[in-house]
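**Q** Quick one: sequence and predicted model below, then my questions.
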Amino acid sequence: MRLVDLLEPRPDDETTPAVFVEEQVVTRAALRAGSDQLAERLRAVGVRPGHPVAVMLPNTAEVVAAMFGVWSAEAVYVPLNPRSSDAEIGHLVDAVQPAAVVTLAPWADRLQDTTRPVIVAVDDEATGTIGWRNGTGTLQAPDVPAHEADIALVQFTSGTTGRPKPVLLRHSGYLALLEPVLRKLVGDAAAGDLARRKAPMPNLIPTSMSLSAGIYNVLFAFRVGAPVVIMPTFTTAAFAAAVARHGIRSTVLPPAAMNMLTDDPAITSLAPLRYVRGITAPLSPLRARMFRDRFGVMVLNCYGQTEIGGEIIGWNAADSREFGESKLGSIGRPHAGVIPRIVGADGAELPVDEPGELHVRTPAVSAGYADGSALGDRITADGWFRTGDIARIDPDGFIWIEGRVSDMINRGGLKVFPGEVEEVLRLVPEVADCAVVGVPDDRLGEVPWAFVVPRPGAALDPDALRAAARERLLPYKVPVRFVPLDELPRTEVGKVRAGDLVRAAEQAAAETTVDAGAHRT
């Protein structure tokens with residue numbers, strides 16, 4: 001089975017909605033027709049099985065049709081984020097060497113490449129149909145390397161600490177990871193006979209379809225036979241309206257989106273929403289409780305990584321009923337077939353509730369990176385995948401993420417987890433947002449700096465912030481500097497670009513040193 005089979009024909013396809021985008025409704029039949037037409041055009045311009053095809057489209061029904069269309073042509077889907085800079089898009093294209101590009105006509109020039117055929121979407125939203133046309137005349141696909149038949153897509157990592165890396169993900173790997181999540185949510189019997197279940201609730205996709213979270217949740221929806229609700233852009237008002245309009249009782253949201261909703265006084269209700277599954281990173285216990293108290297919606301964090309290909313740890317309904325309150329902030333328990341362990345710096349497995357690096361064995365991992373490099377040191381000699389996350393497993397088997405190994409600050413041999421410090425600073429009424437990073441220090445190796453975004457109209461007092469931190473943190477965890485910012489640099493899914501902050505801190509420290517030297521002179 002391949003992922004394109006999730007769109008296989010059904011008797012009621014002519015009337016069954018597949019995609020909602022604001023007022024537009026696209027049926028399964030129309031979606032399949034659009035994907036088949038794209039597949040024909042790709043073959044006509046010389047795209048062959050295994051060829052990568054780059055797709056740069058906004059959050060519309062066309063992007064879903066393009067995904068299935070690329071797979072119908074037996075090619076490899078490569079999503080590009082249209083919000084990226086032209087230079088970054090050029091870097092990504094160079095990294096994957098696509099045989100063809102699918103985009104909008106006004107965006108074709110952004111690729112700065114006239115050697116590849118371009119196919120553009122035809123704007124026909126009013127009719128609920130999806131169409132394509134050639135955007136580059138008679139150009140044929142260049143002779144590019146083809147991937148093996150099981151490679152489904154090239155997904156780029158988030159790029160929070162460096163340039164995004166292209167990860168090769170398999171059809172078999174995605175399907176292997178979808179099944180245990182499905183069975184955990186609906187039960188073995190229901191998962192085995194989805195055809196007899198009543199029409200499932202639409203799956204609301206509040207993230208970009210260029211991101212792994214968007215793609216994964218569309219695939220999950222088609223696996224259970226549910227339509228998807230695509231949001232062109234995320235705003236708090238549009239999200240609340242989509243929830244009410246489509247009767248959404250559960251959905252997924254990244255932490256930044258949940259924080260936006262919590263902090264927006266105009267959003268007074270998210271009914272009938274009951275559950276939110278946190279994606280891309282766990283929402284902290286403090287912010288999860290604030291979201292729950294504001295809207296009466298339980299936050300159930302889940303966990304996966306691009307190199308793994310999907311979700312491997314999460315919650316089911318029974319766990320949420322029994323442990324939802326006491327384990328608020330946990331990422332849940334491993335799905336079937338997933339085995340976790342916590343490992344210390346010496347490589348030894350750690351006991352219950354002791355934090356260390358999370359290693360997992362999963363039904364599938366990626367095939368490596370599209371640049372030809374393997375996962376390398378991400379796989380241990382005995383076959384465990386190193387997640388790079390610091391976590392602990394409690395006595396009930398629930399897993400708690402403490403931070404990233406790469407983010408942990410080693411202050412003279414003492415460990416500082418940025419998330420713990422950030423939670424304390426967010427308790428200060430004047431603080432709207434903050435991020436803590438490790439900055440190089442000649443004496444201690446690293447020291448924590450805090451970058452703080454004030455609430456509108458509020459003034460930040462570094463001495464007051466320092467005093468608040470000292471009340472709840474050990475002295476070595478208190479930031480040495482508090483830097484005000486209008487906003488934090490973030491990725492598309494709201495993750496803080498820690499590298500940008502470290503560079504800003506190093507520049508500020510250098511300028512301080514220069515000023516001090518000039519004063520002494």
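**A** Thanks, I have it. Numbering: from 1, shown residues only.

**Q** quick one: terminal-to-terminal distance for stretch 466-481?
**A** Start-to-end span of stretch 466-481 (Cα to Cα, to the nearest Å) is 9 Å.

**Q** and that stretch, how far from the chain's centre?
**A** Chain-centre distance of stretch 466-481: 31 Å, with Cα atoms, centre = their mean, to the nearest Å.

**Q** contact partners of that stretch?
**A** Applying Cβ atoms under 8 Å, 6 or more residues apart in numbering, the external contacts of stretch 466-481 come out as 411-412, 414, 416, 420-421, 424-425, 427-428, 436, 439, 447-450, 462, 465, 482, 505, 508. The C-beta positions use only the backbone N, C-alpha and C, and glycine is treated the same way.

**Q** Low-confidence stretches in the stretch 51-200 of the chain?
**A** For the stretch 51-200 of the chain, applying pLDDT under 70 flags the ranges 124-127, 158-162, 184-199.

**Q** and with 90 instead?
**A** 83-95, 108-115, 123-129, 135-139, 156-168, 173-200 (pLDDT under 90).

**Q** In contact with the residue nearest to Pro454 when sequence neighbours are not counted, which residues?
**A** Nearest residue to Pro454, sequence neighbours excluded (Cβ to Cβ, 6 or more residues apart in numbering): Leu460, at 4.9 Å. Leu460 sits next to Glu430, Val431, Val452, Pro454, Phe482, Pro484 when contact means Cβ under 8 Å, 6+ apart.

**Q** ok so, going back, just the buried ones from the contacts of stretch 466-481?
**A** 411, 416, 420-421, 424-425, 428, 436, 439, 447-450, 465, 482, 505 (16 or more other Cβ atoms under 10 Å).

**Q** Filter the residues you listed down to just the ones in helices.
**A** Glu420, Val421, Val424, Leu425, Leu465, Ala505 (DSSP state H).

**Q** Is it possible to get a markdown table of those that adds distance to Leu283?
**A** Below are those laid out as a markdown table (distance: Cβ to Cβ, whole Å):
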| residue | distance to Leu283 |
| --- | --- |
| Glu420 | 15 |
| Val421 | 17 |
| Val424 | 16 |
| Leu425 | 16 |
| Leu465 | 23 |
| Ala505 | 26 |
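
**Q** how long is stretch 40-52 end to end?
**A** As for stretch 40-52, its first-to-last residue distance stands at 16 Å under the measure Cα to Cα.

**Q** So what's the gap between it and the chain middle?
**A** 29 Å.

**Q** quick one: contacts of that stretch?
**A** With contacts defined as Cβ under 8 Å, 6+ apart, stretch 40-52 is touched by 53, 69-70, 73-76, 78, 96-100, 117, 119, 132, 134, 139-141, 144, 146-149, 151, 154, 370.

**Q** Mind jotting down where the strands sit in the stretch 51-200 of the chain?
**A** In the stretch 51-200 of the chain, the strands defined using DSSP state E, counting those that start in this stretch lie at 52-56, 76-79, 100-103, 118-122, 131-134, 151-156, 166-170.

**Q** Distance to Glu14 added to these, as TSV?
**A** Listed next are the strands of the stretch 51-200 of the chain as TSV, based on distance: least, Cβ to Cβ, whole Å:
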stretch	distance to Glu14
strand 52-56	26
strand 76-79	26
strand 100-103	26
strand 118-122	21
strand 131-134	18
strand 151-156	28
strand 166-170	32
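
**Q** for the ones you listed, which one sits closest to Gly225?
**A** strand 151-156 (20.1 Å; Cβ to Cβ).

**Q** helices and strands around the closest one, which ones?
**A** Contact partners of strand 151-156 among helices and strands, from 3 or more Cβ pairs under 8 Å, 6 or more residues apart in numbering; DSSP states H and E: strand 76-79, strand 166-170, helix 171-186, helix 212-224.

**Q** now what about the shortest one, what contacts it?
**A** Meaning strand 76-79. Contact with strand 76-79 is made by 50-56, 66-67, 70-71, 96, 98, 147, 151-156, 166, 209-211, 215, as judged by Cβ under 8 Å, 6+ apart.

**Q** Send me it as PDB with only the CA atoms.
**A** What follows is strand 76-79 as a C-alpha-only set of coordinates in PDB (Å, rounded to 0.1, in the frame of the first residue of the first chain):
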ATOM      1  CA  VAL A  76       8.500  12.100  -4.500                       C
ATOM      2  CA  TYR A  77       6.600  15.100  -2.900                       C
ATOM      3  CA  VAL A  78       8.800  18.000  -1.700                       C
ATOM      4  CA  PRO A  79       6.900  20.700   0.100                       C
END
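
**Q** Could you dump the strands of the stretch 51-200 of the chain into CSV and include mean neighbour count?
**A** What follows is the strands of the stretch 51-200 of the chain, written out as CSV (neighbours: other Cβ atoms under 10 Å):
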stretch, mean neighbour count
strand 52-56, 26
strand 76-79, 26
strand 100-103, 26
strand 118-122, 22
strand 131-134, 16
strand 151-156, 25
strand 166-170, 24
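
**Q** out of the ones in helices among the buried ones among the contacts of stretch 466-481, which one sits closest to Ser84?
**A** Nearest to Ser84 among these: Ala505, at 25.0 Å, using Cβ to Cβ.

**Q** residues in contact with the closest one?
**A** Val437, Val439, Trp449, Arg481, Val483 are the contacts of Ala505 under Cβ under 8 Å, 6+ apart.

**Q** what separates the last one from Asn410, distance-wise?
**A** Think Val483. Counting by Cβ to Cβ, to the nearest Å, the gap from Val483 to Asn410 is 21 Å.

**Q** Show me the domain layout of the chain.
**A** Annotated domains of the chain cover 3-149, 228-404, 417-520 [automatic domain parsing].

**Q** How about residues contacting the strand or helix carrying Ala237?
**A** For Ala237, the enclosing helix or strand under DSSP states H and E is helix 236-246. Helix 236-246 is contacted by residues 20, 201-202, 204, 206, 229, 231, 248, 251, 257, 260-261, 264, 266-267, 269-273 when judged by Cβ under 8 Å, 6+ apart.

**Q** What subset of the residues you listed is buried?
**A** Among the contacts of helix 236-246, those buried by neighbour count (16+ other Cβ under 10 Å) are 20, 201-202, 204, 206, 229, 231, 248, 251, 257, 260-261, 267, 270, 273.

**Q** Return the member of these nearest to Arg392.
**A** The shortest gap between Arg392 and any of these belongs to Ala257, at 26.2 Å (Cβ to Cβ).

**Q** wait, what's in contact with the closest one?
**A** Pro206, Phe234, Phe239, Gly494.

**Q** circling back to that earlier point, tell me which of the helices and strands packed on strand 151-156 sits most buried.
**A** Of all the helices and strands packed on strand 151-156, strand 76-79 has the most neighbours on average by mean count of other Cβ atoms under 10 Å, namely a mean of 26.

**Q** among the contacts of stretch 466-481, which are in strands?
**A** The strands, defined by DSSP state E, take in Arg411, Leu414, Val416, Val436, Val439, Val447, Pro448, Trp449, Ala450, Phe482 from these.

**Q** where along this structure do the helices fall?
**A** Shown for the chain, the helices assigned by DSSP H span residues 28-44, 61-72, 86-96, 171-186, 188-192, 212-224, 236-246, 255-263, 285-295, 317-323, 418-426, 462-472, 498-520.
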